[in-house]
Structures are given as C-alpha cells and as structure tokens.
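K.L.:
Task: produce atomic coordinates for the following.
(2 chains)
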Amino acid sequence: MRFAAGAEVRVKRDFPELHGPCHIRTPHYLRGRPGRVERPLGSFPNPEDLAFGRPAARVPLYHVRFDQPALFNEGQSGDTLLVEIFEHWLEEA
Amino acid sequence: MAAPPRAESLVLLERFVTALKAKGVVTEAEIETQITRTDRASPEIGARMVARAWTDPAYRALLLSNGSAAAEAEGVSMAGMPPLGVLEDTETLHHLVVCTLCSCYPRAVLGYPPHWYKSAAYRARAVRDPRGVLAEWGTVLPAGMEVRVVDSTADYRWMVLPRRPAGTEGWDAQRLAAIVTRDHLVGVALPRTP
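P.N.:
Got it, this is the predicted structure:
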C-alpha cells in the first residue's frame, strides 16, 4: 500500500479509452485532479482485468476526497467529493 | 416506476444469460439465489440499522467501522456481497450517494435502486450540482452544512447514517425506524418527525 490517510495525491491524467476497449472505474471528471486520501479501503481484484476475464491482481483501493467546486467551476466552497480510486490511478501530488 | 422492458432488451438478456451459463460463469441456481436475496431486501433493513445505531452506541461504532458486520448483526447475509460502508452525517457534514459510472447501490440492505438513482440526469448532476439536486428534493440544509458527494465507483457500496431528528427523544428503535426512508439512506432527503 503506497498511500496513507492524509496523503496528497493526483489522479493520473490518462485516457486509456482512446487506445482500445477497456473498463475503467476512474471517472473522467477526476483525471488529472488533485485530492487527498481519506482512508485506504483494502485491496480488490483489478476491475480493468476482471472485465475481460483476465487474471486480476488485487490492487489497493482508496477513498480519495476532492474539492467539489474546483472540479466543475461551480458549487459552494467547502463542498467535497469522496470517490474510490485504485492505486495505479494515483500519483503523489 | 421504470418503463417496461423493451422486447429487444429481453432477447439480449436471454442470450447473455444463456452464454454465461454455457461458459460456466453462473448457474441458474445462483441467479435464482441472487434474485431471491435482492427481492427480500428493502430499505426497511437499512432503516432498522440506522434506528439501532441511534439508540445503541456500540452498534453505531460497529456500523461506522464495518457496515457488512453491522448488516450481518441485523440478520442480513453478506456472503458474496460487496462490502458495505456507512458514512456518518454530522452537524456540519451531509453525505449524498451517487454512482456516476452505473448504478452501484447497497442492494443487500436497501433492495433495488429506484429508477431515478440510475438515471443519467441524477448521475451527472449529483456530482456537478449537488445542492441543486437537493433543492429539487425539497431538502434544505442548515447554514454552515458542507455537502460531501460520494461517487460509488468501485468495490464498496455506500449508505448514509443520517442525523437523528430533534423531537425523537425517548423513542425506541422500532418507532425511529418507521421515520427513516430510502431517500434518507441515499442522502437526497433528511429524516423528520411526522
């Protein structure tokens, strides 16, 4: 497990959808966005492999908190978003 | 209610299930078991868990630290189900649950998701304009309350533990459970005294 609660992270700005069929659980609106790890949620088989019937390694999953108004340039200051993100989609911010 | 299924959808479903069975992915018995389990689940289970948490501090702690264990303690079989997480509303924080990717929903304790939960409009707007969505539900948050949208994108299923409404002092768990609805457990509305 690479990140602890409170770690500053950034969601990778990556769009594998552009390069072929895939199954991604990282919402588009978070790609490239900074957040903070709320808490680790354990490890789960990688859905990107599961979806294609491939052997799926268990990947750590995190609850990551984001500043909500910053994502959409609207909303109320202080509001937040909490999203489950797999470790291979996160980098240190 | 949702619109009745289209004929071509039923044909597609039948072919899909036939293929899954042929490949040994699922059996007819497993599908039946899952349908029975979801048919049996209803928001009354979640409401019972919330009411118990409001009246029993030890259960509240269990609910917040391990939702699946708390569901099991209410007689719900969680074997093979995604883990349940429960998020606690406070005086300054209100949770709203959505699944922008599809329709992830804590079926084990709430049953089938309502049609609006699966709609593109709710899924898109809950993350972008949560306060607008809440306003349309007639949900007025006290001043100073932050909104936290929970986008359920992966392996957990999330339920909200709302705040116990004022005016329910001395109520027992059964009476409390009767005022908790599915909408409160998703976070689009707040429990109130009748």
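K.L.:
use CA for all of it now, contacts and neighbours both
P.N.:
Noted.
K.L.:
so for the longest strand seen in chain A, what's the average pLDDT?
P.N.:
The longest strand of chain A (DSSP state E) is strand A:34-45. Computed over strand A:34-45, the mean pLDDT rounds to 97.
K.L.:
now it: how far from the chain's centre is it?
P.N.:
The chain centre lies 8 Å from the centre of strand A:34-45; the measure is C-alpha atoms, centre = their mean, to the nearest Å.
K.L.:
What of stretch B:125-138?
P.N.:
17 Å.
K.L.:
start to end distance for that stretch?
P.N.:
16 Å (C-alpha to C-alpha, to the nearest Å).
K.L.:
next one: stretch B:141-154
P.N.:
End to end - C-alpha to C-alpha - stretch B:141-154 spans 28 Å.
K.L.:
does it come close to chain A?
P.N.:
Yes. Residues of stretch B:141-154 contacting chain A under C-alpha under 8 Å from any C-alpha of the partner chain: B:146-154.
K.L.:
Let's have these in CSV, adding pLDDT.
P.N.:
Converted to CSV, the residues of stretch B:141-154 next to chain A look like this (pLDDT from 0 to 100):
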residue, pLDDT
B:146, 98
B:147, 98
B:148, 98
B:149, 98
B:150, 98
B:151, 98
B:152, 97
B:153, 94
B:154, 94
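K.L.:
Out of these, grab the one that's most surrounded.
P.N.:
residue B:150 (28 neighbours; other C-alpha atoms under 10 Å in any protein chain shown).
K.L.:
Which strand or helix spans residue B:147?
P.N.:
strand B:146-151 (DSSP states H and E).
K.L.:
residues making contact with that strand?
P.N.:
A:78-84, B:92-100, B:126-127, B:130-131, B:158 (C-alpha atoms under 8 Å, 6 or more residues apart in numbering or on different chains).
K.L.:
Can I take it that residue B:95 is in a strand?
P.N.:
Yes. Counting by DSSP: H, G, I helix; E, B strand; the rest coil, residue B:95 is found in a strand.
K.L.:
beta partners of it?
P.N.:
residue B:148 (DSSP bridges).
K.L.:
Quick check: closest non-adjacent residue to the residue nearest to the spatial centre of chain B.
P.N.:
Nearest to the geometric centre of chain B sits residue B:106, at 4.4 Å (C-alpha atoms, centre = their mean). Nearest-residue entry for residue B:106: residue B:157, 4.9 Å, with adjacent residues in sequence omitted and distances by C-alpha to C-alpha, 6 or more residues apart in numbering or on different chains.
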